[in-house]
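Participant: Just need the structure, nothing else, for what follows:
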Amino acid sequence: MICVEFAPVNTTGNYRSTKFVKYLKEFDITPIVITFPVAELLKSFPHAKEDISLINELPIDTIIYRIKPKDISKYYGNKLKNFITIFFDYKDKLAKVWRQELKKQIPNIINEHNPELIYVSLPPFSIGKLASEIASDFNLPLVVDMRDHWALWGVSPFASFFHFKLTKNEEKNIFNKASKIICATEVLKEDFISLHNEIDQNKFVTITNGFDYDLDLKKYNIDFQQKNKIKICFSGSFYYNPENRDNIFKKWYQKRINRWYQYVYRKEDWRYNSPYYFFKILNEIKSINFELFNKIEVHFIGNKPFWLQDMINEFELNEKCIHHGFVMKSEINKLYYEMDMFFVTTVKVYGGKDYMIGSKVFDFIKFSKPVLGIVCEGAMKNFIENSKIGITINPDDNNASKILSDLLTRIIEVNPNYDYLRNFHRRVLASKLANIFYDILKNNFY
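Facilitator: Residues are numbered from 1 along each chain as shown. Coordinates of the predicted model:
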């Protein structure tokens with residue numbers, strides 16, 4: 001299993017692979033994990049932290065090879081290097097700095113363990129081609145786990161149409177090599193099939209993110225009327241960047257000259273992923289129910305992005321917002337129990353649907369607190385509504401502030417759909433992955 005993002009470094013991408021490894025042995029599969037050393041992961045993902053509790057969850061005999069890459073700073077050491085790297089290439093440089101040492105050590109790993117299959121978790125996307133080469137070199141089937149879009153990743157424009165075509169072509173080549181392509185949501189799967197309609201759609205399967213605690217099978221009531229304070233919490237990261245958004249929506253002649261050739265295949269508005277529309281709703285509540293507005297506190301858990309304070313200032317919400325910063329997984333539960341509600345956001349995809357179910361929403365379920373989804377059409381909205389763990393509000397709804405105001409001034413009953421939620425336990429998801437592995441080997445899908 002080639003998983004650059006892996007425990008104990010607390011990146012968003014580590015959880016999926018780490019939890020697969022936690023459970024796969026229950027299905028007679030022995031994972032051999034190949035990843036970066038912890039120090040190199042912390043360099044490559046500078047906003048992440050080391051959390052030893054993540055590695056302690058794994059079976060004690062888990063086999064992990066931590067292979068050191070070369071120094072990546074020559075590509076990203078300053079603004080000029082960043083510009084050259086991004087403008088003259090179409091993917092990250094992690095495979096480039098890892099290739100030599102990985103290729104040197106992989107034959108010994110293969111000879112010692114005789115693996116029957118190669119699994120790779122993406123992003124970082126450059127690792128896809130490297131994993132594909134290794135699979136070909138040793139005549140092994142390849143399973144590609146797509147946690148996110150690559151060619152359709154729309155958080156910022158491509159440097160040019162040529163960059164998009166190169167990205168799409170490399171993604172297609174990796175998918176052609178793969179025996180199966182796992183997608184983290186059903187919408188992701190639909191998008192991949194649409195973009196690469198020449199690839200057999202039976203290759204694409206969905207295995208979502210999930211949870212690995214025991215569900216507390218009960219419904220619960222929240223009486224917001226009786227609360228002196230209503231604590232609403234966001235936990236995790238926002239992928240929004242104001243400059244990137246501007247470059248998506250500006251005309252070419254409105255941009256700086258080095259950005260004239262930027263290309264957008266499909267417009268996505270990542271301001272919807274930020275708390276902007278939630279703040280807008282709160283600002284309107286201030287006008288329609290000032291007493292309720294005074295009771296609301298907004299708690300942020302996670303690294304504070306550079307643009308967030310300006311957004312808070314725009315809506316004059318300084319006194320409402322409390323920042324806890326990065327909190328270790330082992331310590332975060334205490335904070336969660338103090339909250340009254342969690343809120344989540346999504347991207348707005350023009351001509352498409354939101355395609356992500358953030359892993360944090362699965363953490364929220366065990367705390368018996370409603371989830372407020374300020375969400376567009378797509379995967380997250382479907383999950384909240386099907387699981388019945390909270391309420392969804394369309395950020396573009398003119399009545400959004402009234403809907404939230406009504407919600408926070410009454411008793412609400414939350415009766416989660418536990419029959420639906422059981423399908424998202426990590427053990428169930430690892431079982432699906434194991435069955436995919438066995439089917440490939442049984443039917444020689446490579």
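
Participant: how about the residue nearest to the spatial centre of the chain, phi and psi?
Facilitator: Here the mean C-alpha position of the chain is nearest to the C-alpha of Gly358 (Cα atoms, centre = their mean), at a distance of 5.4 Å. Main-chain dihedrals, Gly358, degrees, to the nearest 10: phi -60, psi 140.

Participant: How much space separates it from Gln226?
Facilitator: Using Cβ to Cβ, to the nearest Å, Gly358 is found at 30 Å from Gln226. (Glycine included, C-beta is placed from N, CA and C.)

Participant: wait, isn't the residue nearest to the centre of the chain in contact with Gly236?
Facilitator: Yes: Gly358 lies in contact with Gly236 (Cβ atoms under 8 Å); the separation is 6.4 Å.

Participant: remind me, longest helix of this protein?
Facilitator: The longest helix of the chain (DSSP state H) is helix 94-113.

Participant: which element follows that helix toward the C-terminus?
Facilitator: Going down the chain from helix 94-113, the next helix or strand is strand 118-122, by DSSP states H and E.

Participant: what is the orientation angle of that following strand with helix 94-113?
Facilitator: Strand 118-122 and helix 94-113 are oriented at 150 degrees to each other (axes from the mean of the first three to the mean of the last three Cα atoms, to 10 degrees).

Participant: what's the offset of strand 118-122 from the middle of its chain?
Facilitator: Centroid displacement of strand 118-122 relative to its chain, using Cα atoms, centre = their mean, to the nearest Å, is 16 Å.

Participant: on contacts alone, who are the packing partners of it?
Facilitator: helix 126-137, strand 142-146 (3 or more Cβ pairs under 8 Å, 6 or more residues apart in numbering; DSSP states H and E).

Participant: quick one: which of these is nearest Val428?
Facilitator: Set against Val428 and scored by Cβ to Cβ, the helices and strands packed on strand 118-122 come closest in strand 142-146, at 16.3 Å.

Participant: got the contact list for the strand or helix carrying Phe437?
Facilitator: Per DSSP H and E, Phe437 falls inside helix 426-443. Contacting residues not belonging to helix 426-443 are listed as 19-20, 22-24, 26-29, 116-117, 119, 141, 143, 179-180, 182, 205, 207-212, 422, 445-446 [Cβ atoms under 8 Å, 6 or more residues apart in numbering].

Participant: Tell me the buried residues within these.
Facilitator: Burial by neighbour count, 16 or more other Cβ atoms under 10 Å: within the contacts of helix 426-443 this picks out 19-20, 22-24, 29, 117, 119, 141, 143, 179-180, 182, 205, 207-212, 446.

Participant: Select from those residues every entry located in helices.
Facilitator: Going by DSSP H, the helices hold Lys19, Phe20, Lys22, Tyr23, Leu24 from the buried ones among the contacts of helix 426-443.
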